[in-house]
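[1] predicted model and sequence follow; I will ask about them next.
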Amino acid sequence: MSFLNLQEISKSFGGFVAVDQFNLEVDKGEFVSLLGPSGCGKTTTLQMIAGFLDPSHGQIMVGGEDLTARPANQRNIGIVFQSYALFPHLTAAQNVAFGLEMRKATQGERQEKIDRALDLVHLSAFRDRYPKQLSGGQQQRVALARAIVIEPTILLLDEPMSNLDAKLREDMQLELRSIQEKLGITTILVTHDQNEAMALSDRIAVMNEGRIVQVGKPHEIYEDPANVFVSSFLGKNNLLAVEVEDISGSKASVRFNGQSLTVPCREGVTNKEAWLSIRPEKVQLTDKGSGLLEGQIKTRVFFGNHWLYQIETASGEFLVYSQNTAVPNTAPRDAVGLNWQADDARLLNMDAS
């Protein structure tokens, strides 16, 4: 049985439906991300779990108990906000102590738990510093320590790393995942950053327009997206318009550029015209005249561990990632062929849903 169970959760503001029939089961100790664009309802969902908003419909169950109508201060949930929300007039240790004081913990109990939480986030030496004396990453760690010191049943993270620079964000992602696994806290992260969701999560719930579009492990969703929205939102993607000749089980025969190809096909693809989805890292550059598609290099950009190519083809622009193993022998305006393995492509309906 799942630990956190959101059953048919909906939230309306007047005539606007922010969250629509949201169903999600989360196991104890699992790390799940709500991923989607701004306005898709992910933060509203988080606020309903926290008890800051009442659902218009549905139930929120935790450990078999119905928390739907329970006040926020009685849910034993830890929260880390995007702004960290630290008290500027309190030291790091005093900020961490706040939740314990609200729960009227004894002085001895408070001290022991504060020491443990600050040690866990590697801030013991900074306990007497005020927020303005701490870096952004250190403030984020204080906010995390304050959330976990109360030993919550669920940890909610609302875009907690969006204010950090790229390098620090990557470091904090590793630190956060390590702490979460060490404590075994059931965790829900709200983010619009697909790389963050894939790096941290056991599972991802992709949201759009108030609904869950697809739920699964990061690798599964990335490699087998449910539709065009998921394939385009979760990483870079190439879409090639094809004619569907035949569908047999999980395979389909498609035609493009005067040739046929048998590719994996998701259930529900019924249209005669469809998209063939191919990730940029699955495409290889080859000699002119020897590819499934032909094109001309428009741009070549170096990213350190890989090169990114923009290729102009008769079927539209293609992106290609090439591992940085040597200086490439191709340059802008060169004519090239594009190849990929048939099993690396996915057939999707033309519509986004």
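    Yep, it's here. Numbers count the residues shown, from 1 in each chain.

[2] for Val230, pull up the helix or strand it's in.
    helix 228-233 (DSSP states H and E).

[3] got it, and Glu181?
    Using DSSP H and E, Glu181 falls within helix 166-183.

[4] next helix or strand past that helix?
    As the chain continues past helix 166-183, the following element, by DSSP H and E, is strand 186-191.

[5] quick one: buried residues of that next one?
    Within strand 186-191, the residues scored as buried using 16 or more other Cβ atoms under 10 Å are 186-191. Any C-beta I mention is one placed from the backbone N, CA and C, and that applies to glycine too.

[6] can you show me the CA trace of it as PDB?
    C-alpha atoms of strand 186-191 as PDB (Å, rounded to 0.1, in the frame of the first residue of the first chain):
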ATOM      1  CA  THR A 186       9.200  10.500   1.500                       C
ATOM      2  CA  THR A 187       9.900  13.600  -0.600                       C
ATOM      3  CA  ILE A 188       7.900  15.600  -3.200                       C
ATOM      4  CA  LEU A 189       9.800  18.100  -5.400                       C
ATOM      5  CA  VAL A 190       8.200  20.700  -7.500                       C
ATOM      6  CA  THR A 191      10.400  21.900 -10.400                       C
END
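
[7] run the chain-centre distance for the helix or strand bottoming out on mean pLDDT in the chain.
    When the helices and strands of the chain are scored by mean pLDDT, DSSP states H and E, helix 166-183 comes last with a mean of 87. Remark: helix 166-183 is offset 14 Å from the chain centroid, using Cα atoms, centre = their mean, to the nearest Å.

[8] ok and it relative to strand 186-191, angle-wise?
    Inter-element angle recorded for helix 166-183 and strand 186-191: 160 degrees (by axes from the mean of the first three to the mean of the last three Cα atoms, to 10 degrees).

[9] and helix 166-183, what does it pack against?
    helix 107-120, helix 136-148, helix 194-200 (3 or more Cβ pairs under 8 Å, 6 or more residues apart in numbering; DSSP states H and E).

[10] hmm, 10 Å instead?
    strand 31-35, helix 107-120, helix 136-148, strand 154-158, strand 186-191, helix 194-200 (3 or more Cβ pairs under 10 Å, 6 or more residues apart in numbering; DSSP states H and E).

[11] how's this structure carved up into domains?
    Here the domain assignment for the chain is 4-228, 236-349, based on automatic domain parsing.

[12] just name the most buried of the ones you listed.
    domain 4-228 (a mean of 18; mean count of other Cβ atoms under 10 Å).

[13] ok, the residue nearest the centre of the chain - contacts?
    Closest to where the C-alpha atoms of the chain average out (Cα atoms, centre = their mean) is Ala197, at 2.6 Å. Residues counted as contacts of Ala197 (Cβ atoms under 10 Å, 6 or more residues apart in numbering) are 32-36, 189-191, 203-206, 218, 221, 234.

[14] can you list the weak-confidence ranges in this structure?
    Scanning the chain for pLDDT under 70 picks out 1, 352-353.

[15] report the distance from stretch 136-144 to the chain centre.
    For stretch 136-144, the distance to the chain centre is 21 Å (Cα atoms, centre = their mean).

[16] ugh, wrong one, stretch 330-347
    Worked out by Cα atoms, centre = their mean, stretch 330-347 lies 27 Å from the chain centre.

[17] that stretch: end-to-end distance?
    Stretch 330-347 has its terminal residues 30 Å apart, counting by Cα to Cα, to the nearest Å.

[18] on that earlier part again, between the contacts of Ala197, which is closest to Asn329?
    Asn329 has its nearest neighbour among those in Leu234, at 31.9 Å by Cβ to Cβ.

[19] C-alpha coordinates for the least confident helix or strand of the chain, PDB please?
    What follows is helix 166-183, C-alpha atoms only, in PDB (Å, rounded to 0.1, in the frame of the first residue of the first chain):
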ATOM      1  CA  ALA A 166      24.500  26.200 -12.200                       C
ATOM      2  CA  LYS A 167      27.600  24.700 -10.500                       C
ATOM      3  CA  LEU A 168      26.200  25.100  -7.000                       C
ATOM      4  CA  ARG A 169      22.900  23.800  -8.000                       C
ATOM      5  CA  GLU A 170      24.500  20.600  -9.300                       C
ATOM      6  CA  ASP A 171      26.400  20.200  -6.000                       C
ATOM      7  CA  MET A 172      23.300  20.800  -3.900                       C
ATOM      8  CA  GLN A 173      21.300  18.200  -6.000                       C
ATOM      9  CA  LEU A 174      23.900  15.600  -5.100                       C
ATOM     10  CA  GLU A 175      23.800  16.700  -1.400                       C
ATOM     11  CA  LEU A 176      20.100  16.700  -1.200                       C
ATOM     12  CA  ARG A 177      19.700  13.300  -2.700                       C
ATOM     13  CA  SER A 178      22.300  11.900  -0.400                       C
ATOM     14  CA  ILE A 179      20.500  13.400   2.700                       C
ATOM     15  CA  GLN A 180      17.100  12.200   1.500                       C
ATOM     16  CA  GLU A 181      18.300   8.600   1.000                       C
ATOM     17  CA  LYS A 182      20.200   8.700   4.400                       C
ATOM     18  CA  LEU A 183      17.000   9.800   6.200                       C
END
